[in-house]
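**Student:** Quick one, what's the 3D model for this:
(chains A and B)
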Protein chains: 2
Amino acid sequence: MDNLTIALDAMSGDFGPRIVVPAAIQALSRYPNLSFFLVGDPTEIGFFLSKENNQLVTQYQNNDRLIIIESTSIITNDMKPAYAIRHSQGSSMKMALELVKDNKAQACVSAGNTGALMGLSKLLLQSLTGIDRPALVATLPALNNQNTVVLDLGANAECDSDMLVQFAIMGGILAKSVLQIAHPRIALLNIGEEDVKGLDKIREAASILKSNDQINFIGYLEGNELLTGKTDVLVCDGFVGNVTLKTVEGLIKIFMSSIKLSLGKNSLFMKLLSKWLQRKIAKNFGYLDPGRYNGACLLGLRSIVIKSHGSANQKSFFAAIEQAILAIQMNIPEKIASSLSSALSKSE
Amino acid sequence: MDNLTIALDAMSGDFGPRIVVPAAIQALSRYPNLSFFLVGDPTEIGFFLSKENNQLVTQYQNNDRLIIIESTSIITNDMKPAYAIRHSQGSSMKMALELVKDNKAQACVSAGNTGALMGLSKLLLQSLTGIDRPALVATLPALNNQNTVVLDLGANAECDSDMLVQFAIMGGILAKSVLQIAHPRIALLNIGEEDVKGLDKIREAASILKSNDQINFIGYLEGNELLTGKTDVLVCDGFVGNVTLKTVEGLIKIFMSSIKLSLGKNSLFMKLLSKWLQRKIAKNFGYLDPGRYNGACLLGLRSIVIKSHGSANQKSFFAAIEQAILAIQMNIPEKIASSLSSALSKSE
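**Tutor:** Residues are numbered from 1 along each chain as shown, chains lettered A, B, ... in the order given. Below is the predicted model:
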């Protein structure tokens, strides 16, 4: 297997190196062909490395599988993207992306400011020909062991119809190449199933998609169909996608805690039953566990950038790293690029 | 208790009189002071009345508690609102609203085309001074026996910042008068908690709300906080509100079926355990059952109009009727009107 090199923005997200470092060590142990650039404050990174198995860390560093790159600033979540980009020089996010730009790393993973990550990625790594703006995409597990490619999950709060069409086409290519679905069903998320429903941009996107014979456009789906597997690709703007994804995450938490509450803790029997049941249910629909599908790909770039949830813990940042590995192995940007021109030409 | 008279659009929704008629009979039995106008096709309504307890139906009709009003057309879900309104003469929806306009009924309940219901209501019943467009509002149950007033749930797919501010103010008045919360917390649904996040209209609305000292504006909340009770009022545009509400509905269905799947049916013990558990959980977080909170009020009108889910069954259409009863008893339009002028003046 080829060597994999990933640049990690170690200062990003709510917890920075506190979770990035242990997730990186976990990934290095799991994947022998993996190397990391850890971009951030060397003192902080060093502090969290010292909490790991010293022998392993030394070994990784001696083998150049763990290289610390010093950055001097952090792009925070409360910065406006435009401001953050103007002041990005020396930041962990920009320097991690530069490693990808300079072909030193094959992918970048960051849990930082989504708008800034999107803007810097576009600036440094460029979007594919025909793509106005990249979109955050994730493959969400749906009922009956199906999967649904959902985009945009928050890179573009506002989208016009052309962008929605581009997202649909990219999502379709992803479903074809990664999920191995020959003719992926593509739907637009809307507030009704009838043609007349929703926003102008959605109706316009629908009419463009309908006229493209390379696209298996199945029409509109409503929020209640999100995880039912009725479509292989679900397209929406980044605002709606982000709110929807987070609503799902919040509800799962409530649901899991409601199982505990329902059973109570009045007796040892109830406690044991509750535990057993939570495990059973988690196993069966743990596929909805937000941590598991953490790591959304910025689709439409010439390189691979993975956005982790800002509040990711070690387990879910590790999942984001695995998304980067998958994207490298699948060669996603190239696959999108090679199918894009023919698909887009049908939509013009 | 005063007499209550409600006009039901009996032809609306996916099932029309098949569910409206039995729900109406159920409500007449439950509420002795209640009367209905059933607006629709008399033959169809008669057919479904004949399936009910004949003695009761005759008694209700003889006491003028059940009066059939003949309409000659139906506004369907696939009509554009503007078209539907132009062709609304003689439709069950318009005639039901006219009964309210003519003070023959105190409220109208319809499961029909949301856009048409919104447009016709505004035209016939007028919005309150200072309100550009009414919003669909529902009180959703949240964790810890709290409630959250959420609007707009789908009346206005597109909203500007002024509309969001008006929704916030109306939601606050509702929380104060109906939920008895002295200083209701008001939040805007957004894709980040930082000031710089989200769409222009949301940031503009936030700055207007911040400057209004009558409003307890607590900032932005994300989708994962929807049902946690962190706010008393949550404001969003109708597109996002509708998608979010339907996402919640869909997910609850998936959860409930996942409990069954998790336990399997391999043994009688498992079957019984599954049943028992579903009841337990339903009791504990059945508050999330979409059927229970069916019936969203078109807030901001001079009269009461309740929109039922289009796919409502008898139980949930009955819930929508109960929402109408509550709104009449609470005198909601008058309460909103009397507090509106002072609250709005602070926001200009």
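**Student:** Residue A:149 belongs to a strand, doesn't it?
**Tutor:** Yes - under DSSP: H, G, I helix; E, B strand; the rest coil, residue A:149 falls within a strand.
**Student:** where does it land on pLDDT?
**Tutor:** Listed pLDDT for residue A:149 reads 94.
**Student:** Verify the contact between it and residue A:174 for me.
**Tutor:** Yes - if you go by C-beta atoms under 8 Å, residue A:149 and residue A:174 touch, sitting 5.3 Å apart. C-beta coordinates here come from the backbone N, C-alpha and C atoms, glycine included.
**Student:** so what sits against both of these two?
**Tutor:** Common neighbours of residue A:149 and residue A:174, using C-beta atoms under 8 Å, 6 or more residues apart in numbering or on different chains, are A:137, A:139, A:233.
**Student:** contacting residues around the first one?
**Tutor:** Pointing back at residue A:137 there. A:149, A:150, A:151, A:152, A:153, A:170, A:171, A:174, A:296, A:297, A:299.
**Student:** Can you name the next helix or strand after the helix or strand bottoming out on mean pLDDT in chain A?
**Tutor:** Least confident helix or strand of chain A, by mean pLDDT, DSSP states H and E, is helix A:268-285 with a mean of 71. Next along the chain after helix A:268-285, taking DSSP states H and E as the criterion, comes strand A:296-299.
**Student:** buried sites along that next one?
**Tutor:** Neighbour counts using 16 or more other C-beta atoms under 10 Å in any protein chain shown place A:296, A:297, A:298, A:299 of strand A:296-299 among the buried residues.
**Student:** which stretches of chain A have low pLDDT?
**Tutor:** A:1, A:259-266, A:280-292, A:346-348 (pLDDT under 70).
**Student:** one step back: could you dump the contacts of residue A:137 into TSV with distance to chain B added?
**Tutor:** Formatted as TSV, the contacts of residue A:137 follow (distance: C-beta to the nearest C-beta, whole Å):
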residue	distance to chain B
A:149	17
A:150	12
A:151	15
A:152	11
A:153	10
A:170	21
A:171	18
A:174	22
A:296	13
A:297	18
A:299	18
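**Student:** Can you lay out those residues as TSV showing distance to residue A:106?
**Tutor:** Compiled in TSV, these are given as follows (distance: C-beta to C-beta, whole Å):
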residue	distance to residue A:106
A:149	22
A:150	24
A:151	22
A:152	23
A:153	22
A:170	20
A:171	22
A:174	18
A:296	18
A:297	13
A:299	16
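**Student:** Just the buried ones among these, please.
**Tutor:** For those, buried by 16+ other C-beta under 10 Å: A:149, A:150, A:151, A:152, A:153, A:170, A:171, A:174, A:296, A:297, A:299.
**Student:** Check chain A for its longest helix and report it.
**Tutor:** helix A:238-263 (DSSP state H).
**Student:** Report all helices and strands that that helix contacts.
**Tutor:** Under the contact definition 3 or more C-beta pairs under 8 Å, 6 or more residues apart in numbering or on different chains; DSSP states H and E, helix A:238-263 sits against strand A:135-142, strand A:146-151, strand A:185-189, helix A:268-285, helix B:238-263, helix B:268-285.
**Student:** Quick check: most distant residue from the centroid of chain A.
**Tutor:** residue A:267 (41.8 Å; C-alpha atoms, centre = their mean).
**Student:** so how far is residue B:273 from it?
**Tutor:** 16 Å (C-beta to C-beta, to the nearest Å).
**Student:** go on, residue A:303?
**Tutor:** With distances taken as C-beta to C-beta, residue A:303 is found 51 Å from residue B:273.
**Student:** Tell me which of the two has more neighbours.
**Tutor:** With neighbours defined as other C-beta atoms under 10 Å in any protein chain shown, residue A:303 and residue B:273 compare such that residue A:303 has more, 21 against 15.
**Student:** pretty sure that one contacts residue A:125?
**Tutor:** Yes - between residue A:303 and residue A:125 there is a contact under C-beta under 8 Å: 4.4 Å.
**Student:** which residues are common contacts for these two?
**Tutor:** Residues touching both residue A:303 and residue A:125 by C-beta under 8 Å, 6+ apart: A:100, A:101.
**Student:** Find the helix or strand that residue A:171 is a member of.
**Tutor:** Counting by DSSP H and E, residue A:171 is found in helix A:161-177.
**Student:** Report the inter-axis angle for that helix versus helix A:238-263.
**Tutor:** Per axes from the mean of the first three to the mean of the last three C-alpha atoms, to 10 degrees, the angle that helix A:161-177 makes with helix A:238-263 is 60 degrees.
**Student:** Determine which residue lies closest to the centroid of chain A.
**Tutor:** Taking C-alpha atoms, centre = their mean, chain A has its central residue at residue A:296, 0.6 Å away.
**Student:** Can you tell me how far it is from residue A:316?
**Tutor:** Residue A:296 is 12 Å from residue A:316, by C-beta to C-beta.
**Student:** what does residue A:158 give?
**Tutor:** Look at residue A:158 and residue A:316: by C-beta to C-beta, they are 28 Å apart.
**Student:** gap between stretch A:42-52 and the chain center?
**Tutor:** 26 Å (C-alpha atoms, centre = their mean, to the nearest Å).
**Student:** ugh, wrong one, stretch A:189-202
**Tutor:** In this view, stretch A:189-202 has its centroid 26 Å away from the chain centroid, taken as C-alpha atoms, centre = their mean.
**Student:** is it fair to say residue A:67 lies in a strand?
**Tutor:** Yes - assigned with three-state DSSP, residue A:67 falls within a strand.
**Student:** and it, what does it touch?
**Tutor:** A:35, A:36, A:37, A:38, A:61.
**Student:** Recalculate using a threshold of 6 Å.
**Tutor:** Counting by C-beta atoms under 6 Å, 6 or more residues apart in numbering or on different chains, residue A:67 touches residue A:37.
**Student:** try residue A:121
**Tutor:** Counting by C-beta under 6 Å, 6+ apart, residue A:121 touches A:298, A:301, A:305.
**Student:** number of nearby residues for the closest residue to residue A:161 other than its chain neighbours?
**Tutor:** Among residues not flanking residue A:161 along the chain, residue A:204 sits closest, at 3.7 Å (C-beta to C-beta, 6 or more residues apart in numbering or on different chains). Number of residues near residue A:204 (other C-beta under 10 Å) recorded here: 15.
**Student:** Same check on residue A:61?
**Tutor:** Neighbour tally, residue A:61, other C-beta under 10 Å: 13.
**Student:** And for residue A:71?
**Tutor:** A count of neighbours around residue A:71, defined by other C-beta under 10 Å, yields 22.
**Student:** Please tell me how far it sits from chain B.
**Tutor:** 22 Å (C-beta to the nearest C-beta, to the nearest Å).
**Student:** residues touching the closest residue to that residue other than its chain neighbours, list them.
**Tutor:** Leaving aside its sequence neighbours, residue A:71 sits nearest to residue A:92 (C-beta to C-beta, 6+ apart; 4.0 Å). Neighbouring residues of residue A:92 by C-beta under 6 Å, 6+ apart: A:9, A:11, A:39, A:40, A:71.
**Student:** could you dump these to TSV with distance to residue B:81?
**Tutor:** Output for the contacts of residue A:92, formatted as TSV (distance: C-beta to C-beta, whole Å):
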residue	distance to residue B:81
A:9	47
A:11	50
A:39	53
A:40	54
A:71	54
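**Student:** Now restrict those to buried residues only.
**Tutor:** Burial by neighbour count, 16+ other C-beta under 10 Å: within those this picks out A:9, A:11, A:39, A:40, A:71.
**Student:** Count residues in the vicinity of the closest residue to residue A:105 other than its chain neighbours, would you?
**Tutor:** Of all residues not flanking residue A:105 in the chain, residue A:7 sits nearest, at 3.9 Å (C-beta to C-beta, 6+ apart). Using other C-beta under 10 Å, residue A:7 has 30 other residues around it.
**Student:** which SS class is residue A:7?
**Tutor:** strand.
**Student:** Please name the bridge partners of it.
**Tutor:** residue A:37, residue A:108 (DSSP bridges).
**Student:** list the contacts for it?
**Tutor:** When contacts are counted by C-beta under 6 Å, 6+ apart, residue A:7 touches A:37, A:96, A:99, A:100, A:105, A:108.
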